[in-house]
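Novice: Fold the following, please.
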Amino acid sequence: MGKTLYLECNAGISGDMTVGALLDLGADEEVLREALNSIPSEGFSIEIGRVKKAGIDCCDFGVRLDAAHENHDHDMAYLHGHLEEHGHEVPHSHHEHRGMKEIQEILEVCRMTEPARAMARRIFQILAEAEAKAHQVPVEEVHFHEVGAIDSIVDVVAAAVCLDNLGVREVILPRLCEGRGTVRCQHGILPVPVPAVANIVSAYSIPLEWMDIQGEFVTPTGAAIAAAVRTSDRLPGSFRIGRIGMGAGKRQYERPSILRAMLIAPVEDAGSTDTVHSLSAAGATAGGEAADVICKLETNIDDSTGEMLGYTMEKLLEAGARDVHYIPVYMKKNRPAWLLNVICSEADIPVMEQIIFCETTTIGVRRIRMERTVLEREQMDLKTPYGTAAVKVCRSGNGTRYYPEYESVAAICRAQNLPYRQVFLELQELADAAGRQTEQRKQKHKIIRT
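Specialist: Alright, predicted model coming up:
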């Protein structure tokens, strides 16, 4: 739950473009710098400023590397000039070969929230799986330059921290635009899109649109971020734009490297304030219900341990599953077993199936595309005597219901040593009162306008 972000990738996507756009949207620079300063590595510094691309003012997020770590990622002559063909020396630099174990260790000591850490882990996992497929080696044996390079680590951590800081929970990304030709990387001269990018957009069913422009517009880091955060490929039929962020890329192509990011809300929420964020409004009816499509994956498992199943559930939820549960069943020959059910979006099916096959003993997964009716839902950031608490707001023809979120209630109970039920009911009453005040203000505003 939280804010809805629309990423317009008409000029591709990279890590620095993403971070620049999120900072321009209002992500806290101090929170970001604190997280990046905690990365246990040397040889880099951060620069945040403003630049103009095609006359458009953009936020420029940059990772400056020293000579020992420079990877020439923004050197256009190096990337596309094929310098050795003209007798020039190709730049060389030291690159740290890190695997997933080393990167996980780095993430564990970074000062960031757990949701941000989980997102960073997911981005790196997607990158590692793409590289593993490209080189036909197990993920745990992947030791690669691009993901291990410090600038990629900084970009991924920064993107995860900014998304969490903004409160983004839904990300709409319809497509990625990519160029043509070849590009130089640590493995040599490769076709665009490079294998890692091609593997990511294939595994996560991200539409790719070719541009008749020579150059690499989608980097592996950018593609992995897109795959990790994307929850939908469709914009609401109509919506309002809250804020706009423009992130600048470093590479110089015919089409300016700009990533535009927007915080949006369906028009049904046009009268709300920044403290209320739409969760589900497309197709809403007069009664507050909305048409929606969700997918269910299921499989029977009869020879996995409880520990394996518990770990699988954690992985699925961490990867974006809406819900996961097990049901005890009896299979053929009266074998006791478990029926695994996973509820997810269509876009997340590939990653969910990959986790199920990797972590359980099943050899088949069934898919069911289901239509459902859901109540219009919002999240209210409720001010209480104990601090701000998250409350789910559900609207129907019978009125409005308020459900304080578990984590907020539990945090207050632990801090104040209060019973859960007492805090839950108190927050419900406060939310109901706040809701009535909001409705009264809307009615008064409506009367004045009339």
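
Novice: list the helices and strands the helix or strand that residue 379 is a member of packs on?
Specialist: Here residue 379, judged by DSSP states H and E, is contained in strand 366-384. Helices and strands touching strand 366-384, as assessed by 3 or more C-beta pairs under 8 Å, 6 or more residues apart in numbering; DSSP states H and E, comprise strand 276-280, strand 289-301, strand 387-396, helix 420-449. The way it works is simple: take the backbone N, C-alpha and C, and place the C-beta from them, glycine included.

Novice: what's the closest of those to residue 131?
Specialist: In terms of C-beta to C-beta, the element of these nearest to residue 131 is strand 289-301, at 25.9 Å.

Novice: moving C-terminal of that closest one, what's the next helix or strand?
Specialist: Next in sequence after strand 289-301, counting helices and strands by DSSP H and E, comes helix 306-318.

Novice: Can you give me the buried ones in that following helix?
Specialist: 309, 312, 313, 315, 316 (16 or more other C-beta atoms under 10 Å).

Novice: what sits against the fourth one?
Specialist: Listed by C-beta atoms under 8 Å, 6 or more residues apart in numbering, the contact set of residue 315 reads 355, 359.

Novice: how far is stretch 6-25 from where the chain is centred?
Specialist: Relative to its chain's centre, stretch 6-25 lies at 12 Å (C-alpha atoms, centre = their mean, to the nearest Å).

Novice: Now do the end-to-end distance for that stretch.
Specialist: This stretch, stretch 6-25, spans 11 Å end to end (C-alpha to C-alpha, to the nearest Å).

Novice: start the count at 35, not 1, going forward
Specialist: In the new count, where the first residue is 35, that last one comes out as stretch 40-59.

Novice: circling back to that earlier point, looking at the helices and strands packed on strand 400-418, which has the lowest confidence?
Specialist: Among the helices and strands packed on strand 400-418, strand 310-314 has the lowest mean pLDDT, at a mean of 38.

Novice: Okay, helices next: where are they in the stretch 85-234 of the chain?
Specialist: 110-114, 134-143, 148-169, 179-182, 184-200, 229-237 (DSSP state H, counting those that start in this stretch).

Novice: Quick check: the gap between the nearest residue to residue 398 once chain neighbours are set aside and residue 355.
Specialist: Spatial nearest neighbour of residue 398, excluding adjacent residues (C-beta to C-beta, 6 or more residues apart in numbering): residue 333 at 6.4 Å. Going from residue 333 to residue 355 by C-beta to C-beta, to the nearest Å gives 14 Å.

Novice: in the stretch 85-234 of the chain, which ranges drop under the pLDDT threshold?
Specialist: For the stretch 85-234 of the chain, the stretches with pLDDT under 70 are 101-131, 175-182, 220-221.

Novice: Adjacent strands (with direction) for the strand holding residue 413?
Specialist: strand 310-314 (antiparallel), strand 323-335 (antiparallel), strand 421-430 (antiparallel) (DSSP bridges).

Novice: Render the CA-only coordinates of it in PDB, please.
Specialist: Taking Å, rounded to 0.1, in the frame of the first residue of the first chain, the C-alpha atoms of strand 400-418 are listed here in PDB:
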ATOM      1  CA  ARG A 400      -1.100 -24.400 -12.300                       C
ATOM      2  CA  ARG A 401      -2.200 -20.800 -13.300                       C
ATOM      3  CA  ILE A 402      -5.700 -19.400 -12.800                       C
ATOM      4  CA  ARG A 403      -6.600 -15.900 -14.000                       C
ATOM      5  CA  MET A 404      -9.400 -14.600 -11.900                       C
ATOM      6  CA  GLU A 405     -11.700 -11.700 -12.000                       C
ATOM      7  CA  ARG A 406     -12.600 -10.200  -8.600                       C
ATOM      8  CA  THR A 407     -14.600  -7.400  -7.000                       C
ATOM      9  CA  VAL A 408     -12.800  -5.300  -4.500                       C
ATOM     10  CA  LEU A 409     -13.800  -2.400  -2.300                       C
ATOM     11  CA  GLU A 410     -12.300   0.900  -3.100                       C
ATOM     12  CA  ARG A 411      -9.300   1.200  -0.700                       C
ATOM     13  CA  GLU A 412      -7.100   4.000   0.500                       C
ATOM     14  CA  GLN A 413      -4.400   4.400   3.100                       C
ATOM     15  CA  MET A 414      -4.700   7.200   5.700                       C
ATOM     16  CA  ASP A 415      -1.700   8.500   7.500                       C
ATOM     17  CA  LEU A 416      -3.400   9.200  10.800                       C
ATOM     18  CA  LYS A 417      -2.000  11.600  13.300                       C
ATOM     19  CA  THR A 418      -2.500  10.100  16.900                       C
END
